[in-house]
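# When you get a sec, could you give me coordinates for this:
(2 chains, ligands or ions: 2)
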Amino acid sequence: MTPPGELRVQRAASDRLQILLSGSWRLGEAPPSADDVQREFERAPEVRSAELDASQVGDWDTGLLTFLVGLERLCADRKIDLEKNGLPQGAMRLLALAAAVPEKKDARKTAPKASFLVHVGNESADFVRSAGELLAFIGDAVVALMNFIRGRARFRRADLGLLMASCGAEALPIVTLICFLVGLILAFIGAIQLALFGAQIYVADLVGIAMVRLMAAIMTGIVMAGRTGGAFAAQLGTMQVNQEIDALKTLGISPMEFLVLPRMLALGLMMPLLCLYANVMGILGGMVVGVGMLDIGLVQYYNETARAVNLWNLGIGLFSGTVFGVIVALAGCMRGMQCARSASAVGDAATSAVVTAIVGIIVSTALITIICNILGI
Amino acid sequence: MDEKQAHIHVEDLTMAYGDFVLMRDLTFTIRHGDIFIIMGGSGCGKSTMMTILIGLKAPARGRVLYGDVDFWAAGPETRDGIIRRGGVMYQSGALWSSMTLAENIALPLETYTDLSAARIREVVELKLALVGMAGFASFYPSEISGGMQKRAGIARAMALDPEVLFFDEPSAGLDPVSARRLDDLILELRESLGTTMVVVTHELASIFAIGNNSVFLDAAKRTMTATGDPKQLLAETRDPTLRLFLTRGETS
Ligand SMILES: Nc1ncnc2c1ncn2[C@@H]1O[C@H](COP(=O)(O)OP(=O)(O)OP(=O)(O)O)[C@@H](O)[C@H]1O
Ligand SMILES: [Mg+2]
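Ligands and ions are numbered 1, 2, ... in the order given. Down below sits the predicted model:
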């Protein structure tokens, strides 16, 4: 067992230092560093040359090499001649190997520190740019859709089937749970208020209209944004990382048609069906409260619901559902396609896909509501 | 260290994915300070062999001995301890994409040593310089080329001065000069630090330049057909498959 690495610096002449190394220079044993020599140099500014004697060095590894690299740089900076004696052969050769390829100076990146105003400006410019990208993406998607209508879009029909299964049938359990409970909650809240006027029967109207016209579509949309939108972004993002999307492009296959179109179609087709199902679940939820708590008869509840909900309500609900489906698909695919090439970028893409989709759903709900109001339906 | 002493000994090993048996009856020894080449055609199970040696995948049968410790029969802690003394370079680089090269190389150092930040930076720079990539410390893996990712992966594998280094196709995707320099580095590390090297490669030039021991996996026979110094194998083998492999199919 050799003693730990030791560094001794002594004056050999008035302008010459002698640096003696001994013991074991292993990284794990924290050997001295070049900084210790630097202190000696600073104490003796008149020194012009130095002599390194490493003949007493026992075991060594990277610990010795980093010391030597640091020492060489130090001497070069201070224009001191360094004479190296007794270095292990292997260390000399490794150092030569490390110096074989010169450092790429221009490769070093220096990120200038941005001031607050620059930061705000960049963020604003980014926002404008991302709005532009959104529009461009929607445009590309519409072009892909036109190609599909003309029967010229290239994608695998089997993919469409799988996607429809995964964002249709496989979403049923969660949609059941959420919409049943939302119907139940609406009925509870309504029941407390309406019971004050002895108008419990109108719980059926409340739940029916709210679910069919709006709530079913919104709830399903948000569930799908979290469940499917995030998944789309992660899938396409990972494909981007692995250069699979580049591989499609070089084959002349448009990723818009091959990847985005089937996803958009699948969600656009499945969302109205899911909404229809969600309507039934929501009304069932309300019915449980109405029949179980408010002593409304089953048939009476059904008749009241059927009277209250008209076809316009249903139409608007299903239309909203389709729009939400397309929004979720577009947001997911767009964030996935914009994904950068790293694992954390895939995570960011999934997050921002869900956020974009939910914002899109709420904004378009507001728009649809205002338009319906103006049209008086 | 004793040159003759066995470092890793593989005994009667069978590798399989489920019911699909890839290779059976593998027995060979990697000695301390060997540059051991695992060779064979594409898809014959070289990378799989490596995953078994580094503890990622259990063999279907047989033993792997590190010294006299049975690697797979030992508990997970023992296995972790053994594998921590090794460094691995994966076939696809496997750099952590959300960290810069410097952070990639620093992570093992920060985790397993108590070096100061300045010291770690020095080590990182040295390791990058050794693979010919000085100055790229602040780059992200997605910002450098495929061959550079490979070399950065090697720098990360070397970070802790391991006792044994595993390389999966280190020179694939490198230009001849870089590949040559990498061979020099492998030889040099073995010479000066006594590191045992286990290298998966198809590069004939490297095989003969650096290898002093090897095993040949024959995809058709589903077992190893030869082990030993590749130069000697070339001189002595009568197996047509191995001869074809070692001469790039040139019959002479
Ligand atoms: N996760 C897996 N599940 C099932 N089979 C696998 C799996 N990974 C690999 N294989 C099979 O094992 C075989 C060997 O794969 P391996 O990656 O070890 O090959 P290799 O010798 O490293 O090839 P290459 O030189 O091309 O890298 C292949 O035929 C592959 O089909
Ligand atoms: Mg492989």
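# Can you tell me which residues in the stretch 1-150 of chain B are near chain A?
Residues of the stretch 1-150 of chain B lying close to chain A by CB under 8 Å from any CB of the partner chain are B:96-98, B:113-115, B:118-119, B:122-123, B:125-127, B:129-130, B:132-142. From N, CA and C alone the C-beta is placed, and that goes for glycine too.
# Mind doing that once more with 7 Å?
Within the stretch 1-150 of chain B, the residues that sit near chain A (CB under 7 Å from any CB of the partner chain) are B:97-98, B:113, B:115, B:119, B:122-123, B:126, B:129-130, B:132, B:134-136, B:138, B:140, B:142.
# quick one: which of those residues sit in helices?
Using DSSP state H, the subset of the residues of the stretch 1-150 of chain B next to chain A located in helices is B:119, B:122-123, B:126, B:129-130.
# near ligand 1, which residues of the stretch 51-200 of chain B show up?
Along the stretch 51-200 of chain B, the residues adjacent to ligand 1 under the rule CB under 6 Å from any ligand atom are B:Q91.
# mind listing the helices for the stretch 51-200 of chain B?
Taking DSSP state H, counting those that start in this stretch to define them, one finds helices in the stretch 51-200 of chain B at B:76-84, B:101-112, B:117-130, B:146-157, B:176-193.
# Next: the stretch 1-150 of chain A.
Ranges of helices in the stretch 1-150 of chain A, per DSSP H, counting those that start in this stretch, are A:34-43, A:62-77, A:89-100, A:116-149.
# Now distance to chain B and mean neighbour count too, for those, in CSV please.
Listed next are those as CSV, based on distance: least, CB to the nearest CB, whole Å; neighbours: other CB atoms under 10 Å in any protein chain shown:
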stretch, distance to chain B, mean neighbour count
helix A:34-43, 8, 14
helix A:62-77, 4, 20
helix A:89-100, 2, 17
helix A:116-149, 20, 13
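# would a markdown table of those with distance to B:G147 and mean pLDDT be doable?
As requested, the helices of the stretch 1-150 of chain A are exported to a markdown table (distance: least, CB to CB, whole Å; pLDDT from 0 to 100):
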| stretch | distance to B:G147 | mean pLDDT |
| --- | --- | --- |
| helix A:34-43 | 32 | 84 |
| helix A:62-77 | 24 | 88 |
| helix A:89-100 | 16 | 85 |
| helix A:116-149 | 32 | 91 |
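# Of all the ones you listed, which one is nearest ligand 2?
Nearest to ligand 2, of all these, is helix A:89-100, at 26.7 Å by CB to the ion.
# Next, the angle helix B:117-130 makes with the closest one.
80 degrees (axes from the mean of the first three to the mean of the last three CA atoms, to 10 degrees).
# what's in contact with helix A:89-100?
Around helix A:89-100, the neighbours that count as contacts under CB atoms under 7 Å, 6 or more residues apart in numbering or on different chains are A:60, A:64-65, A:68, B:126, B:129-130, B:132, B:181, B:184-185, B:188, B:191-192.
# Can I get the buried part of the residues you listed as one ChimeraX selection?
Applying 16 or more other CB atoms under 10 Å in any protein chain shown to the contacts of helix A:89-100 leaves a buried subset, and the ChimeraX line that selects it is:
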select /A:60,64,65,68 /B:126,129,130,132,181,184,185,188,192
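# Mind checking the pLDDT average for stretch B:38-45?
When pLDDT is averaged along stretch B:38-45, the result is 89.
# list the buried ones in that stretch?
Residues B:38-41, B:44-45 are the ones in stretch B:38-45 that count as buried (16+ other CB under 10 Å).
# how about low-confidence regions in the chain?
You didn't say which chain, so I picked chain A. By pLDDT under 70, the weakly predicted segments of chain A are A:1, A:106-111.
# let's do chain B instead
For chain B, counting by pLDDT under 70, the residues that fall below are B:1-4, B:251-252.
# what residues does it put near ligand 2?
Proximity of chain B to ligand 2 (CB under 5 Å from the ion) is limited to residues B:47, B:91.
# In what element of secondary structure is the closest residue to A:V346 other than its chain neighbours found?
The shortest distance from A:V346 to any non-neighbouring residue, by CB to CB, 6 or more residues apart in numbering or on different chains, is to A:G237 (4.0 Å). Using DSSP states H and E, A:G237 sits within helix A:230-241.
# How many residues are close by B:T111?
Using other CB atoms under 10 Å in any protein chain shown, the number of residues around B:T111 comes to 10.
# now A:I327
By the criterion of other CB under 10 Å, A:I327 has 26 neighbours.
# Show me the strands in the stretch 1-150 of chain B, by range?
B:6-17, B:20-31, B:35-40, B:61-66, B:69-70, B:86-89 (DSSP state E, counting those that start in this stretch).
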